[in-house]
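I need the structure of the sequence given here:
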Amino acid sequence: MTADSALPTPAFDTFPRYADLTALLEAYARARPDIVELRSIGRSHEGRDIWLVVLTRKATGADTTKPALWVDGNIHAAELTACTAILYFLHHLCSGDGVDERTTHLLDTRVVYACPRLNPDGAELALADTPRFIRSSTRPYPFDEHPVDGMTVQDVDGDGRILYMRIRDPHGTYRKHPAEPRLMVAREPGEIGGEYYRVVPEGLLTNWDGVRMRVNPDREGLDLNRNFPSLWRQEFEQHGAGPYPTSEPEVRAMVDFCVAHPNIGAAINFHTHSGVILRPMGTTSDDDMTPEDLWMFKRLSAIGEQLTGYPAISGFHDFKYHPKEVITGTQDWVY
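Now for the predicted structure:
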């Protein structure tokens, strides 16, 4: 069957809300039932279906009989372009079937399990009329109490954006850029005699002591990317990891699906941070990896570099928030 002229096209200049995303995925399944199946692999914390698109030629066999690629995106709430990347991949495969030889061969012989939005609750909050910028799930963690003091970040003026404010302060650490006064630049060590500011996010300040302006952490302190079973560490060792591995329904849905589908032989997790291609491991040196695996990762990563221009780097050697701390999460668990 050739590409269907009635195939829907995502609006790549807009991030879809959950209802629009659901309708779009259902439209693909209706337009190309021979290669597209829509499944729910579970429900989120707030009860939304976590949609999975199964892409393969049904006439050539069941999806479980073919080698599979897993792709997921938008595990982090505001990383919405990750969802867009998977929608682009979905549209590319559907529109290229019967037109492009390699795409047709892939659909004949392989299966792609594509989860555009693993964290629908967080994304919906990021896209709300009054948005919130949180890391992952909307479940309060590790505490559900409201803060008694400090700055709580929110869209105070209701314009749909959370901006930053500058407040004149002789002890502030920022000053105006000499050529662009709207831009704040860091004050140099030892610098005196200028006009200085502190910079704080838009929000409400409660019980201010007149000196400190502490920004409160989000009540929603989970990071779903840290909730996977591989080398899971509790809260005091790795912030946001949850009370136990796969405690969160979004992560449990992915883990259960992958474990139940041993035909999955490769995986890509789409994020929008740093403009790099990250490869395993996150906790182990390249010298300690299985050499054949490392060679294959480097070979595929080199192709990724050529296609995207993003450097392919090791999570352990090149991507740490602190030189003495490692990061565990989705990537190491899937590997």
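
centre of the chain to stretch 96-115, how far?
The chain centre lies 25 Å from the centre of stretch 96-115; the measure is CA atoms, centre = their mean, to the nearest Å.

could you work out the end-to-end span of that stretch for me?
20 Å (CA to CA, to the nearest Å).

same thing with stretch 137-152?
Start and end residues of stretch 137-152 are separated by 18 Å (CA to CA).

now do that stretch, average pLDDT.
Throughout stretch 137-152, pLDDT has a mean value of 90.

please apply the same query to stretch 21-37.
Averaging pLDDT along stretch 21-37 yields 97.

for that stretch, list the C-alpha coordinates in PDB.
C-alpha atoms of stretch 21-37 as PDB (Å, rounded to 0.1, in the frame of the first residue of the first chain):
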ATOM      1  CA  LEU A  21      -2.100  14.800  20.500                       C
ATOM      2  CA  THR A  22      -4.600  12.000  21.100                       C
ATOM      3  CA  ALA A  23      -6.700  13.000  18.100                       C
ATOM      4  CA  LEU A  24      -3.700  13.200  15.900                       C
ATOM      5  CA  LEU A  25      -2.400   9.800  16.800                       C
ATOM      6  CA  GLU A  26      -5.900   8.300  16.300                       C
ATOM      7  CA  ALA A  27      -6.000  10.000  12.900                       C
ATOM      8  CA  TYR A  28      -2.800   8.200  11.800                       C
ATOM      9  CA  ALA A  29      -4.200   4.900  13.000                       C
ATOM     10  CA  ARG A  30      -7.300   5.400  10.900                       C
ATOM     11  CA  ALA A  31      -5.400   6.600   7.900                       C
ATOM     12  CA  ARG A  32      -2.900   3.800   7.800                       C
ATOM     13  CA  PRO A  33      -4.400   0.800   9.700                       C
ATOM     14  CA  ASP A  34      -2.100  -1.500   7.800                       C
ATOM     15  CA  ILE A  35       1.100  -0.100   9.400                       C
ATOM     16  CA  VAL A  36      -0.100   2.000  12.400                       C
ATOM     17  CA  GLU A  37      -1.700   0.800  15.700                       C
END
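
buried ones in it?
By neighbour count on 16 or more other CB atoms under 10 Å, the buried set for stretch 21-37 is 21, 22, 24, 25, 27, 28, 31, 32, 35, 36, 37. The way it works is simple: take the backbone N, C-alpha and C, and place the C-beta from them, glycine included.

for this protein, which helix is longest?
When the chain is parsed with DSSP state H, its longest helix is helix 291-308.

buried set for that one?
Applying 16+ other CB under 10 Å to helix 291-308 flags 294, 297, 301, 304 as buried.

could you pull up the contacting residues of the last one?
This means residue 304. Residues counted as contacts of residue 304 (CB atoms under 8 Å, 6 or more residues apart in numbering) are 277, 310, 312.

tell me the one of those residues nearest residue 66?
Distances from residue 66 to those, taken as CB to CB, are shortest for residue 277 (25.4 Å).

residues touching the closest residue to that closest one other than its chain neighbours, list them.
Sequence neighbours aside, residue 312 is the residue nearest to residue 277 in space, at 4.2 Å (criterion: CB to CB, 6 or more residues apart in numbering). Shown in contact with residue 312 (CB under 8 Å, 6+ apart): 276, 277, 278, 279, 298, 301, 302, 304, 305.

again, but for residue 273
With CB under 8 Å, 6+ apart, residue 273 has these contacts: 76, 79.

tell me the SS of it?
Three-state assignment for residue 273 (DSSP: H, G, I helix; E, B strand; the rest coil): coil.

that older thread, format the contacts of residue 304 as TSV; extra columns: pLDDT and distance to residue 333.
Formatted as TSV, these follow (pLDDT from 0 to 100; distance: CB to CB, whole Å):
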residue	pLDDT	distance to residue 333
277	92	18
310	94	22
312	92	20
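
closest to residue 189 among these?
Distance to residue 189 across the contacts of residue 304 (CB to CB) is lowest for residue 310, with 34.1 Å.

residue 331 versus that closest one, what's the distance?
15 Å (CB to CB, to the nearest Å).

do residue 35 as well
From residue 35 to residue 331 the distance is 28 Å (CB to CB).

got it, and residue 103?
As judged by CB to CB, residue 103 and residue 331 stand 26 Å apart.

before we move on, what about residue 304?
Using CB to CB, residue 304 is found at 14 Å from residue 331.

secondary structure element holding residue 89?
Taking DSSP states H and E as the criterion, residue 89 maps to helix 81-96.

these two touch, right, residue 26 and residue 38?
Yes - using CB atoms under 8 Å, residue 26 is in contact with residue 38, at 6.2 Å.
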